[in-house]
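[1] mind folding the following:
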Amino acid sequence: MSKKSFILILFTLIIEVLLTLLISQFIHVRFIEIVFFVALTLFVCALFFSSSGGALANYNQAQLAAHTGIQTAYLPSRLKKNPILIGTTIYFIIAIILFILLLNHVFN
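    Numbers count the residues shown, from 1 in each chain. Model prediction:
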């Protein structure tokens, strides 16, 4: 892993923690209670923007073929591994662990 990738992963983690803190302050909920839901939302968004092709692209191609009769090539779904996706995945894993600990009444 290059130094630039490591810095981007660290920057992503810092931004996600700050975003979670801001949301928790805004809705008056403890950080530990909302971290899982924010991490899940960020993870799904990162997956959506890091992938190409897939069901949505194929749906649009199928509609185009139905209207015009022009057949296009099938685009398989491809996930691009990038530092932002890696940082979001790390944050999501940490959030899952914290959520399990919260459910087991470790944080009171």
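
[2] and Glu22, how many residues sit next to it?
    If you look again at residue 22, you'll see it is Leu, not Glu. 11 (other C-beta atoms under 10 Å). C-betas here are computed from N, CA, C, even on glycine.

[3] so it is in which element?
    helix 3-27 (DSSP states H and E).

[4] how about that helix: buried residues?
    For helix 3-27, a neighbour-count test (16 or more other C-beta atoms under 10 Å) marks Leu8, Ile9, Thr12, Leu13, Glu16, Val17, Thr20, Ile23, Ser24 as buried.

[5] give the contact list for the nearest residue to Pro83 once chain neighbours are set aside.
    Spatial nearest neighbour of Pro83, excluding adjacent residues (C-beta to C-beta, 6 or more residues apart in numbering): Leu8 at 3.6 Å. Neighbour list for Leu8: Pro83, Ile84, Gly87 [criterion: C-beta atoms under 8 Å, 6 or more residues apart in numbering].

[6] and the second one, how far is that from Phe43?
    Taken as C-beta to C-beta, to the nearest Å, the spacing of Ile84 relative to Phe43 amounts to 11 Å.

[7] could you pull out the helices for this structure?
    Ranges of helices in the chain, per DSSP state H, are 3-27, 31-50, 54-68, 83-103.

[8] distance from the chain centre to the longest one, please.
    Translated: helix 3-27. Computed by C-alpha atoms, centre = their mean, to the nearest Å, the chain-centroid distance of helix 3-27 equals 12 Å.

[9] how close does the closest residue to Val17 other than its chain neighbours sit to Pro83?
    Among residues not flanking Val17 along the chain, Tyr91 sits closest, at 7.6 Å (C-beta to C-beta, 6+ apart). As judged by C-beta to C-beta, Tyr91 and Pro83 stand 12 Å apart.

[10] this completes my enquiry, with thanks.
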